[in-house]
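Visitor: Structure here, sequence nowhere to be found:
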């Protein structure tokens, strides 16, 4: 019995929840094919006939993982779900009509006369197409004549795009509202933080963009968009069965003729790089722009205005769930940005950090790293879950907003320490050298120097044990943290005995 | 020219009958008979195909189109009353334009030339001398290269070589005791068709319960569609000595305690059978899902785990794993054995929409097992292990003081199961701030309660000897 086919193309309502690529802690989204995934929930209405019917869902996300599809709302459940990767395409048609009758139509270039001929497809679609006519066997597209194949109808089981279909039963003809939920590959998101230092450098205004990317061919209009921060476990998964079909490549027998050029070429002539003129010109243009920005009173770069729409955060099990409070369109092959959080006046500590690298330090002076430290707590103006992402820190210099540095941070829960390692400072430096007199006394001296006209706080990580055990140092992991204030245009040093592992 | 004109009607008259015979079935129907498919987990399937074959007495060469393109020919058996197998062949030399031309070297073909100005066609016979890079022809007494002038020429072959096929084809030569229609059964193994189980678990943390649905996901990449097939799924992989694990096929480790209960499901030896209720069509390049399990309201709870390696320490807090615990027992559990597959866990958000919170794989799991499924890393629950002090206590004795800082940024109190492994040898605990359990010689576990938005330090002193 041939079951009725119901085709559902319209999506009444859709919600898209995007999950980050599991192994991409930081860094850019792969825009061609984002490595994350999304949970898509579509509401659709279908008119079911009485008895058994095949319902085909068209317009689902391109990266749909069929094993994750859940369908609710069918009056008597679903007997089976199928995902067909056989596509209606030139090659798919040849495959479907193999050993079947088609019409071969040739048009005369000179007279325009059209001749039609019955033919049977003998071979194809891989490696070319061979047809059998009444005269014998011929290869399609090898004669140089305009010729094409006509098929009587499109095969029913080939679909225009990968389609999910289900077999369902209904006692009577009815209209059903269905919820189709599935995971789909080809989505990703990241948090992009923008931090603006306030005038005195003790606080910063923090805001974050939620950047969502959809790399598939299917877009979702008026979608409820959510993202999830955290790391749900994902099983490694094999590739989907490849969509069969695609272009039909007509290959022929070898086509060289007497006047065919030999395969080898002359050596290519090496040209000097043609960059010079263009590059020089560009530098001039940039310079002009910069000058104009400095002197024009109109170009005062202000922090971006507060976003009217900010994602709402809630807990979902052990993950963090962000809901965009308005409907948005998640277009095909696009990136979209919505404000994730906005937190003005976050207390920040400015540190200079370095790590003693032990035997590698031979006394030469190294620059220390400028580190901005935030404590993720309410008292400091924060106390929020902070999803991993890249932060760009800006500082206001006169009337210009300049980039001070960029850093990648991981997922930070409330009450955690957040360090932004921004840049190396040429003015605050560290030198570590062994000063021990004998092999039994492996003494080391850390010398810090500050060429800035302010006191700075330095934090040096000493990744080995110290003898005797220090009382006033913080233990962090396997290391000791030496924290000291280096006076303006001054120096600070520490001598300690390293406890040798025995 | 007159000679050619005579030739043309002869050619045209020739193959009408042959045309019909070459197209085995121009309507495109499958040549399969009554098909039964048994699918194993490891991507291997047994296909049984009952076909009615017309035979004459004595030797018959029978071709079987519509078998799996990935058939393992050594596993083919054809059985039927009064037939004996002489030989079996599996030909996969495929028909394509270049092979057709290559095999036509030394033979005659018909060339049809079209005059580009007038459209007039002229025909002539030509002998193909070689097909190396280009086609060299002999036409009467002259030699030329095909399409050397770039003008259109159709090449028409009289026949295709007998062993070139459109698709890989199985052919069997049998000796039939008598003629007529013989019921036969063709059976073979084919890779590229397998199944896994996919589970959907909707977890409700407030109620401490979950709903679980199980789906069989069947994948067919054999290049062939099996029509209206009786289908049996076997939970087990009979290849590789019963699916013995190699080191790279690590166990998922989801079974805490293996169960000892038996269910009512059909069995084949030690394998469970999952027959599909109705016949189904397994199309090529298709992934098909059939439901086999639906349990509502089974008890389940969420816990946290953290495993620290010996002398493991970190400057940054590390996330604990979120673990979902449940049972497959008849009492207080799912009440079924679970074939190997992937469990996807969902939870409802504040608006009641289910959202995905993680997945993990399970092995074949007997009924009555207690399960611990790691679904992901907890955002708010973290552990920072620190080696506080390591001291030599004389001889080969060492004292190691560990501090584990457990933090909870969630608004409710939780318990973290913290494990320390690497305790092989004579390692003893001399002091601990929370009483732990020595679960094995190598491993110690502590269940540490942490209050809402709080943090707890667990300190443990180990004494080891080398």
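Guide: All right, it came through fine. Remember, predicted model here, so these are calculated numbers, not experimental data.
Visitor: contacts and neighbour counts: CA atoms only from here.
Guide: Noted.
Visitor: phi, psi of the nearest residue to residue A:10 once chain neighbours are set aside?
Guide: The shortest distance from residue A:10 to any non-neighbouring residue, by Cα to Cα, 6 or more residues apart in numbering or on different chains, is to residue A:44 (6.5 Å). Main-chain torsions, residue A:44, degrees, to the nearest 10: phi -130, psi 150.
Visitor: Run a quick neighbour tally on residue A:44.
Guide: A count of nearby residues for residue A:44, using other Cα atoms under 10 Å in any protein chain shown, gives 19.
Visitor: So it sits against residue A:177, correct?
Guide: Yes. Checked against Cα atoms under 8 Å, the pair residue A:44 and residue A:177 is within contact range at 5.8 Å.
Visitor: So residue A:193: helix, strand or coil?
Guide: strand (DSSP: H, G, I helix; E, B strand; the rest coil).
Visitor: Return the distance of it relative to chain B.
Guide: Computed as Cα to the nearest Cα, to the nearest Å, the residue A:193 to chain B distance reads 19 Å.
Visitor: ok so, going back, which residues does the residue nearest to residue A:10 bridge with?
Guide: Beta-bridge partners recorded for residue A:44 (DSSP bridges): residue A:178.
Visitor: Low-confidence regions, the stretch 1-150 of chain B specifically.
Guide: B:1-29 (pLDDT under 70).
Visitor: what are the ranges of the helices in it?
Guide: B:2-13, B:16-22, B:97-103 (DSSP state H, counting those that start in this stretch).
Visitor: Please identify the residue most distant from the middle of chain A.
Guide: residue A:135 (56.7 Å; Cα atoms, centre = their mean).
Visitor: Please verify my assumption that that residue contacts residue B:156.
Guide: Yes. Counting by Cα under 8 Å, residue A:135 touches residue B:156, with 7.1 Å between them.
Visitor: hmm, back to that, now do the same contact list for the residue nearest to residue A:10.
Guide: A:8, A:10-13, A:177-180 (Cα atoms under 8 Å, 6 or more residues apart in numbering or on different chains).
Visitor: switch to 10 Å and redo it
Guide: With contact taken as Cα atoms under 10 Å, 6 or more residues apart in numbering or on different chains, residue A:44 is in contact with A:8-14, A:57, A:73, A:176-180.
Visitor: mind checking how far it is from chain B?
Guide: Residue A:44 is 16 Å from chain B, by Cα to the nearest Cα.
Visitor: buried sites along stretch B:194-208?
Guide: B:194-205 (16 or more other Cα atoms under 10 Å in any protein chain shown).
Visitor: Select from the residues you listed every entry located in strands.
Guide: The strands, defined by DSSP state E, take in B:194-204 from the buried residues of stretch B:194-208.
Visitor: Relative to chain A, which of those is nearest.
Guide: residue B:198 (6.5 Å; Cα to the nearest Cα).
Visitor: Does chain B have contacts with the host helix or strand of residue A:148?
Guide: For residue A:148, the host element (DSSP states H and E) is strand A:147-150. No. Strand A:147-150 is not in contact with chain B by Cα under 10 Å from any Cα of the partner chain; minimum separation 10.9 Å.
Visitor: Strand partners (parallel or antiparallel) of that strand?
Guide: strand A:101-107 (antiparallel).
Visitor: what angle do the next helix or strand after the partner strand and strand A:101-107 make?
Guide: Using DSSP H and E, the next helix or strand after strand A:101-107 towards the C-terminus is strand A:114-123. Angle, strand A:114-123 to strand A:101-107, by axes from the mean of the first three to the mean of the last three Cα atoms, to 10 degrees: 140 degrees.
Visitor: ok so, going back, that's a helix at the residue farthest from the centre of chain A, yeah?
Guide: No. Assessed with three-state DSSP, residue A:135 is coil; it does not lie in a helix.
Visitor: Can you give me the distance of it to chain B?
Guide: 5 Å.
Visitor: Looking at that residue now. What's its pLDDT?
Guide: At residue A:135, the model reports a pLDDT of 87.
Visitor: Please list only the buried members of the contacts of residue A:44.
Guide: Buried among the contacts of residue A:44 (16+ other Cα under 10 Å): A:8, A:11, A:14, A:57, A:177-180.
Visitor: Format the residues you listed as JSON lines; extra columns: pLDDT.
Guide: Compiled in JSON lines, the buried ones among the contacts of residue A:44 are given as follows (pLDDT from 0 to 100):
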{"residue": "A:8", "pLDDT": "87"}
{"residue": "A:11", "pLDDT": "90"}
{"residue": "A:14", "pLDDT": "93"}
{"residue": "A:57", "pLDDT": "89"}
{"residue": "A:177", "pLDDT": "92"}
{"residue": "A:178", "pLDDT": "92"}
{"residue": "A:179", "pLDDT": "91"}
{"residue": "A:180", "pLDDT": "92"}
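Visitor: Nearest to residue B:150 among those residues?
Guide: residue A:57 (49.0 Å; Cα to Cα).
Visitor: And that closest one, how far from chain B?
Guide: Taking Cα to the nearest Cα, one finds residue A:57 at 15 Å from chain B.
Visitor: just to revisit the earlier point, joint contacts of residue A:135 and residue B:156?
Guide: Overlap of the contact sets of residue A:135 and residue B:156 (by Cα under 10 Å, 6+ apart) consists of residue B:110.
Visitor: just checking, residue A:24 touches residue A:408?
Guide: No. Using Cα atoms under 10 Å, residue A:24 is not in contact with residue A:408, being 11.4 Å away.
Visitor: list residues touching both of those two?
Guide: With Cα under 10 Å, 6+ apart, residue A:24 and residue A:408 have common neighbours A:388-389.
Visitor: Look at the residue of the stretch 301-450 of chain A found nearest chain B and report its pLDDT.
Guide: Closest residue of the stretch 301-450 of chain A to chain B, Cα to the nearest Cα: residue A:318 (4.8 Å). The confidence metric pLDDT takes the value 89 at residue A:318.
Visitor: List the residues that contact it.
Guide: Contact partners of residue A:318, counting by Cα under 10 Å, 6+ apart, are A:229-232, B:302, B:304, B:321-323, B:357, B:375-381, B:410.
Visitor: Who is residue A:37 paired with across the strands?
Guide: residue A:19, residue A:185.
Visitor: Can you give me the distance of it to chain B?
Guide: From residue A:37 to chain B the distance is 11 Å (Cα to the nearest Cα).
Visitor: who's in contact with that residue?
Guide: A:17-22, A:63-65, A:183-189, A:213-214.
Visitor: Only the buried members of these: can you turn that into a PyMOL selection?
Guide: Applying 16+ other Cα under 10 Å to those leaves a buried subset, and the PyMOL line that selects it is:
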select buried, chain A and resi 17+18+19+20+21+63+64+65+183+184+185+186+187+188+189+213+214
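Visitor: if we can go back for a sec, may I have the phi/psi pair for the residue of the stretch 301-450 of chain A closest to chain B?
Guide: phi -100, psi 20.
Visitor: mind checking how far it is from residue B:439?
Guide: For residue A:318, the distance to residue B:439 equals 27 Å [Cα to Cα, to the nearest Å].
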